[in-house]
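Q: Below are the sequence and a predicted model for it; my questions follow.
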Amino acid sequence: MTKLKSLTSSVGKGECAGSARQIAGSPMKLLVRVVEARGLLPVHLNGSSDPFVKLQLGKRRAKTAIVKKSLTPAWDEEFSFLVGDVTEELSVSVLNEDKYFTNDLLGKVKVPLSMVMEAPDLSLGTAWYQLQPKSKKSKKKERGEICLRISLSTRAHVSEELHQLPQPTSDGAASSSDRSIGNKDGALSTSNSYIDMSALASLDRSSQGSMERLGDGAVDQPPGTSIDQAVTEPGTAVCNDAMANTSSVVEVFSRYFFGKPADTNLPSIVASDAESVVEQSEEPKVCSVDRESPENGTPSESNLDELLKIMESKDQGCEMPAKLSNGVLVDESYVIAPAGLNSLLFTPNSDFWPAVAELQGTSGFQIEPWKIDSNDGCLRRTLSYIKAASKLVKACKATEEQKYLKAAGNSFAVLSIVSTPDVPYGSCFKIEILYCITPGPQLSSEEQTAHLTVSWRINFLQSTMMKGMIESGAKQGMSEGYAQFSEVLSQRFKVAELDDANSNKAKILASLQAHKEPSWRLIVRFLGNFTFIFSVIIGIYVIVHLHLSRPKVMNGLEYFGIDLPDSIGEVVVCAVLILQGQTILKVIKRFLNAWRQRGSDHGVKAHGDGWLLTVALIEGTGILSAGSSQPFDLYAVFTCNTKRKTSSIKFHTSDPKWNEIFEFDAMDDPPSRMDVAIHDSNQLDEAPIGHAEVNFLKSNLSDLMDIWVPLDGQCDPASNPKLHLRIFLNNSRGTEVVLNYLAKMGNEVGKKINLRSAQTNLAFRKLFNLPPEEFLIDDFTCHLKRKMPLQGRVFFSPRIIGFYSNIFGHKTKFFFLWEDVDDIQVIPPTLSIGSPSLMVILRKDRGSEAKHGAKATDHHGRLKFHFQSFVSFNDAHRIIMGIWKMRSPGQEQKGEVIEESEPKELQAEECGSLFTHEDVKMSEIFSSVLSVDVESLMEMFSGGQLEHKVMQKTGCLDYSSTEWELVGRNIYKRQISYKFDKALSRYGGEASTTQQKYTLVNQDGWAIEEVMTLQGVLLGDYFNLQLKYYMANIPSKPNTCNVQVLLGIAWLKSTKQQKKVTKNIMSNTSNRLKELFSLVEKDLTSRNGTLFNAAIDP
């Protein structure tokens, strides 16, 4: 049998083959003895140094003692390093101690581990190594030498050390050394330092020959020797389990050189090194797998399912905990049963977390078993591990306390509290992470799905000025960590796509069978009762009696043919007939009303392409009037985006069964909310007896597929009134819906809007907890005006306006719906605020959740939000007005400007600019009331004979214009060019003009915007001119219109003549406009007078 020299020298000649096998299963250790050094460089003025040696292998460090005033120091100290990666290098640095500044490097040398592994007997022996300078450009090449003894040990002396170990004094007690070996009933700890298998690929294949002997020696064992015999002697602790992450020498070499793992059928024992490592950064972390005996009353880790059953038996039906406040890290559904996902995440022997740890660089796990807390009956356990170093924080120890908050059926909730006291300010806060596992959406394949939600928050134990920085760093770390968590989880299980869930929509709706009540049953229900039938018989009897009876002689006070009752009996009969007739009329009225409303919108198919909303009304329960047990005649009305759907009537019931399906026609924009109202068909005022609201922004679409909606209103709250709905919302346009919306939005606001990145949209949705279909249009920096201005950012999306601020950790966050906006006003700049502000006013009783951000409430009960100090007010105003116009097409868009008593100086965007983009102050230069209507005045801008005529008279030569071209909804554009007459400009020159026109909002008139560029004019390239014409009819005066012209100068370059040029342009343009409109009014008036005379002339 072939023997391995390195093993026989390490174990000893008398060592048995069983011990050799035990050594083969042990981790490797690098032994380094620092003997002495010679020829070191002097650093001090007296020609000496204070040298010491610093050693490093990977992240493990050690150093020797300091020898004072010597160039030939002798240390003779030995150090040991656990080998974690065979591709690492041993770095040996000789330094001079400096008490006040950085230690001086005298020289260094690096020894690769591959050199040690290729050496005979895995040892380099005692040798001198030439010290090298830090840089090759150093002038002093001679740095001296250092004497080292380097060897790689497989710790064959394990058997001898086992005999020398003291027995534990109590159950579960472990040794205080690096090793942790317990007895049969004790705890087993194994080193977490293991050889990185991926690193073996980088080893030189030339070393294969020297290692084959080791592999052969490891597998050739005497047949009569067993491992049990080697460890069952008195005083020897036996360990039956070894952690999978501890790699033995034989496993490493066998995987690398032979392409297969070592013989796994051979049981192995793992023991940690008993020698301490000098000044290493941390002791090697171990993973403790505690398996306590049943005698101690603690179940083993394999009994997690049994512990969950015990906890479930004590569950009192508590609800799932709410999401934590700092946001959601994971919100996804996977194709796996909820119990299976729970087992994968929280079973101690799961291989999921090691995969995540490998990706994140986490190591040194210590996992305690799950135990039932005697105080609250919940399962608890504690974990500890070493978090990998980041750019800001070095590697640190983290302790995680996990607790099951709920374990019932297929619903699980686990709260994890993470403490990192070693990080800066780590004692000031703890991180709380909540894992919620619930059943996911139903798939067409009938596979089980689990919905996982991971939310978090940071809990500050004490106040600190670094709160904002800590929150920012924690948020970044949590986002990155759980992105890797989701990546590993998605590799294990398929993500349950929403399309898969929606594919089951037809199957769910097909199972609903609506039972329409036939007409004869409706007749029987209202008219088939004793009262009505008896009343009909009495009525027939009276009619027959009138037909057969004869007129009597008038007696008493009877006159004019009126026959009054002649006895008390006749009076009673008349009263009964009157009361009965009144009852019959009520019954007939209810019957006719029910007959008119017996139909519903059930089964009416939706039309169009876009966002399709389908609502299945299943049933209702507990719909009773407060203080009365009389049931209603109930029907439901659903309203979404001003579209209504009505159900059929369910008579005389408090628990109606509908099973009806309603499809809303396709909508261009995703709906924000749906109003649900329950009515009683007997009430004439049509006021609902119960109402509810379904908010699509606060609910996941998967949750809406099967939901019970509580009702508010006149219903008795003690009966818990609610409706059972199934709601489906999908988009038939696919992924192009976002791009189409942005293109439409760009046409509305007059500029292109680009699609934000996926990361930006994801961060926006997480910030406000929005559903996946929401996306960001634009955001702006501004101030929220309350008692004190609050700086933050305002966000615009298709359905919400949101605001977020974080000032020194004090967060302010809210949002409200576009549908709730009642008015948007522009407030001109003041002396304190140099730019305009936006005032957003909500409808009454709307936006209550954003009330803390409102400036005030008006006398109508409407909330007012005041946004000011925009960096770019024009862009923000265009965006907000454009979205409001698109989201509320039927509403009257006001956008009023609050006027002041100051001279009229308005911002360009305050006037509803759709063309100009410059922040230019506009000043009124012409205002007049003309005795013509707007339709006639617009001939001046039609490009016809009148326009050419008046422009030439006002000094515009070679005047030419293009046709008006439609560029947007109700927006037209054209180009104009002409030359200046010498009388108008002594320098001559040319003008190129772009005009844009659109109808005024809430007025009968037009607005024309004009941008003029000058060529050949003195300083003409320093500025552009912007003009705005507002022409509107005066309702109180027919054939009369009001004209207002504003002028602004956009300066492109700075000049000292700016004030002078501005004054001249204002004066000349004002005079020219007066002449221009005077000519137009005169021409149109004379023309109208001629037509009038021709019409009346015989």
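A: Arrived safely. Because the structure is predicted, anything quoted here is derived from the model rather than measured.
Q: Give me the neighbour count for I883.
A: Neighbourhood size, I883 [other C-beta atoms under 10 Å]: 24. Bear in mind the C-beta positions are built from the backbone N, C-alpha and C, glycine included.
Q: Please apply the same query to the one 3 residues further on.
A: Burial of M886 is recorded as 18 neighbouring residues (other C-beta under 10 Å).
Q: And it, how close does it get to E819?
A: When distance is defined by C-beta to C-beta, to the nearest Å, M886 is 12 Å away from E819.
Q: What of E118?
A: Distance, E118 to E819, by C-beta to C-beta: 76 Å.
Q: Please apply the same query to M951.
A: In this structure, M951 and E819 are 47 Å apart, going by C-beta to C-beta.
Q: What backbone torsions are found at I1034?
A: The phi/psi pair for I1034 (degrees, to the nearest 10) reads phi -100, psi 110.
Q: okay, it: pLDDT?
A: Per-residue pLDDT puts I1034 at 87.
Q: For it, which non-adjacent residue is spatially closest?
A: Distance criterion C-beta to C-beta, 6 or more residues apart in numbering; nearest residue to I1034, sequence neighbours excluded, is T1040 at 4.8 Å.
Q: Y435 too?
A: In this structure, Y435 finds its nearest non-sequential neighbour in V414, 4.4 Å apart by C-beta to C-beta, 6+ apart.
Q: Contact partners for that neighbour?
A: Taking C-beta atoms under 8 Å, 6 or more residues apart in numbering as the definition of contact, the neighbours of V414 are L345, F346, Q402, K403, Y404, L405, L434, Y435.
Q: Over to L57?
A: Going by C-beta under 8 Å, 6+ apart, the list of residues near L57 reads L30, F81, V83, E88, E89, L90, S91.
Q: Out of these, which is nearest to F365?
A: F365 has its nearest neighbour among these in V83, at 19.5 Å by C-beta to C-beta.
Q: ok, the closest one to V967 distance?
A: 73 Å.
Q: Those two - which one has more neighbours?
A: V83 (25 against 14).
Q: Please verify my assumption that the more buried one contacts L30.
A: Yes. Using C-beta atoms under 8 Å, V83 makes contact with L30 at a distance of 5.6 Å.
Q: State the phi and psi torsions of the residue nearest to Y435.
A: Backbone dihedrals for V414, given as degrees, to the nearest 10, come out at phi -130, psi 130.
Q: How confident was the prediction at it?
A: For V414, the model assigns a pLDDT of 93.
Q: Check the one 5 residues further on too.
A: S419 is assigned a pLDDT of 91 by the prediction.
Q: so who does it touch?
A: A398, T399, E400, E401, G426, K430 are the contacts of S419 under C-beta under 8 Å, 6+ apart.
Q: three-state assignment of Q1003?
A: Using DSSP: H, G, I helix; E, B strand; the rest coil as the criterion, the local structure at Q1003 reads coil.
Q: got the contact list for it?
A: With contacts taken as C-beta under 8 Å, 6+ apart, Q1003 has the following neighbours: A1032, N1033.
Q: And it, how far from S927?
A: Plainly put, Q1003 is 15 Å away from S927 if you go by C-beta to C-beta.
Q: again, but for N103
A: For N103, the distance to S927 equals 82 Å [C-beta to C-beta].
Q: Then N695?
A: Here the criterion is C-beta to C-beta. By it, N695 lies 48 Å from S927.
Q: what does N700 give?
A: 56 Å.
Q: Looking at the contacts of V414, spot the one nearest V1011.
A: Relative to V1011, and with distances defined as C-beta to C-beta, the nearest of the contacts of V414 is L434, at 56.7 Å.
Q: what sits against that closest one?
A: Contacts of L434 were listed using C-beta under 8 Å, 6+ apart, and they are P321, K323, L324, L405, A413, V414, L415, S416, T453, V454, S455, W456.
Q: One more: I417?
A: The neighbours of I417, taking C-beta under 8 Å, 6+ apart as the test, are E400, E401, K403, K430, I431, E432, I433, N459.
Q: are any of these buried, and which?
A: Burial by neighbour count, judged by 16 or more other C-beta atoms under 10 Å, picks out E400, E401, K403, K430, I431, E432, I433 from those.
Q: dump the residue contacts of the first one.
A: By C-beta under 8 Å, 6+ apart, E400 lies in contact with T382, L383, S384, Y385, S416, I417, V418, S419.
Q: Swap in 10 Å and give it another go.
A: E400 is in contact with 367, 381-385, 416-420, 431, 433, counting by C-beta atoms under 10 Å, 6 or more residues apart in numbering.
Q: What is the distance between stretch 723-736 and the centre of its chain?
A: Shown here is stretch 723-736, whose average C-alpha point lies 20 Å from the average C-alpha point of the whole chain (C-alpha atoms, centre = their mean, to the nearest Å).
Q: typo on my end, stretch 145-154
A: Going by C-alpha atoms, centre = their mean, the spacing between the C-alpha centre of stretch 145-154 and its chain's C-alpha centre is 55 Å.
Q: model confidence over that stretch, on average?
A: Mean pLDDT, computed over stretch 145-154, is 88.
Q: next one: stretch 63-80
A: 91.
Q: So for the chain, the centremost residue is which one?
A: If you average the C-alpha coordinates of the chain and look for the closest C-alpha using C-alpha atoms, centre = their mean, you land on K766, 2.0 Å from that point.
Q: Show me what the one helix or strand it maps to is packed against.
A: With secondary structure defined by DSSP states H and E, K766 is part of helix 758-768. Here helix 758-768 touches strand 328-334, helix 467-492, strand 790-796, strand 800-807, strand 810-817, going by 3 or more C-beta pairs under 10 Å, 6 or more residues apart in numbering; DSSP states H and E.
Q: could I get the ones you listed as JSON lines with mean neighbour count and distance to P1035?
A: As requested, the helices and strands packed on helix 758-768 are exported to JSON lines (neighbours: other C-beta atoms under 10 Å; distance: least, C-beta to C-beta, whole Å):
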{"stretch": "strand 328-334", "mean neighbour count": "20", "distance to P1035": "55"}
{"stretch": "helix 467-492", "mean neighbour count": "16", "distance to P1035": "57"}
{"stretch": "strand 790-796", "mean neighbour count": "18", "distance to P1035": "35"}
{"stretch": "strand 800-807", "mean neighbour count": "19", "distance to P1035": "34"}
{"stretch": "strand 810-817", "mean neighbour count": "18", "distance to P1035": "35"}
